[in-house]
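**Q** Here is my input, please return the structure:
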Amino acid sequence: MELPRHTKFWWGVGGLGLEALDQSRAAWLIYFYAPPVDANQAARLSLATVSVLLFAGKLVEAFADTLVGYWSDRTSSRFGRRIPFALLATPPMALFAVLLFFPPSHLHSRSVAVYFFIALELFFLFNSLSSVPYEALLPEIALTSDDRVSLSAWRVYLGVFGAGVGLIGSGLLISHFGFRAMALVMALLAFSGRYIGV
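**A** So this is what the prediction gives:
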């Protein structure tokens, strides 16, 4: 029996908000911490420091994804193997996505670097805890090859829409309300999309 279209749609919505969050973060995080000279904005960190910290964060995340997948494969609960991870990890994921754009203003550059790295690592960790099990739901929801392809297509279509929201919407939000408002809106979009998908 083919999966209903509404099931495919709602599962895809779970990735829409996260794609918006990821694209807005990718577009603006470096600019926020290490803006160009002509940006009329004080640099919080050097571009080299931000680059090294982002690389280190991604390196750690690569190992976290594997461990989270292993953990969720071996978890059992009355809600299944995957859903508890998505439900419990999504709120802190959204929180740390916001905190990345809220460094305390009184910190010196070394303390800002520590703050940035900790907030980034915690965002990556909770993102893995939320997203890896959620994506692993695909073969558990779609039992046939056709359903898997169709479910993946819905995820891609809605993800592209979310990426557009993140790339275009983030710039509009920043120009009208600032970085912090943008971070809050994108985090709420990721949080609500994931919960709707679950």
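
**Q** so where do the strands sit in this protein?
**A** For the chain, strands defined by DSSP state E do not occur.

**Q** in it, which helix or strand is least confident?
**A** Lowest by mean pLDDT, DSSP states H and E among the helices and strands of the chain is helix 138-141, with a mean of 84.

**Q** and the longest helix for the chain?
**A** When the chain is parsed with DSSP state H, its longest helix is helix 5-33.

**Q** From the chain's centroid, how far away is the least confident helix or strand of the chain?
**A** Mean-position distance between helix 138-141 and its chain equals 21 Å (CA atoms, centre = their mean, to the nearest Å).

**Q** Please apply the same query to stretch 154-172.
**A** Worked out by CA atoms, centre = their mean, stretch 154-172 lies 13 Å from the chain centre.

**Q** do the same with stretch 58-70
**A** 14 Å.

**Q** before we move on, what about stretch 184-197?
**A** Distance, stretch centre to chain centre, for stretch 184-197: 9 Å (CA atoms, centre = their mean).

**Q** what comes into contact with it?
**A** 10-18, 20-21, 24-25, 86-87, 90-91, 93-95, 97-98, 130, 134, 162, 165-166, 169-170, 173 (CB atoms under 8 Å, 6 or more residues apart in numbering). Yep, even glycine has a C-beta here, placed from its N, CA and C like the rest.

**Q** Quick check: buried residues in stretch 170-181?
**A** 170, 173-174, 179 (16 or more other CB atoms under 10 Å).

**Q** As PDB, could you dump the C-alpha coordinates of that stretch?
**A** Below are the C-alpha coordinates for stretch 170-181, written out as PDB (Å, rounded to 0.1, in the frame of the first residue of the first chain):
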ATOM      1  CA  SER A 170      17.500  35.800   6.700                       C
ATOM      2  CA  GLY A 171      18.800  38.800   4.800                       C
ATOM      3  CA  LEU A 172      15.400  40.600   5.000                       C
ATOM      4  CA  LEU A 173      15.100  39.900   8.700                       C
ATOM      5  CA  ILE A 174      18.700  41.200   9.400                       C
ATOM      6  CA  SER A 175      18.200  44.400   7.400                       C
ATOM      7  CA  HIS A 176      14.900  45.200   9.200                       C
ATOM      8  CA  PHE A 177      15.300  43.700  12.700                       C
ATOM      9  CA  GLY A 178      19.000  42.600  13.200                       C
ATOM     10  CA  PHE A 179      20.900  39.400  13.600                       C
ATOM     11  CA  ARG A 180      19.300  38.300  16.800                       C
ATOM     12  CA  ALA A 181      15.700  38.500  15.500                       C
END
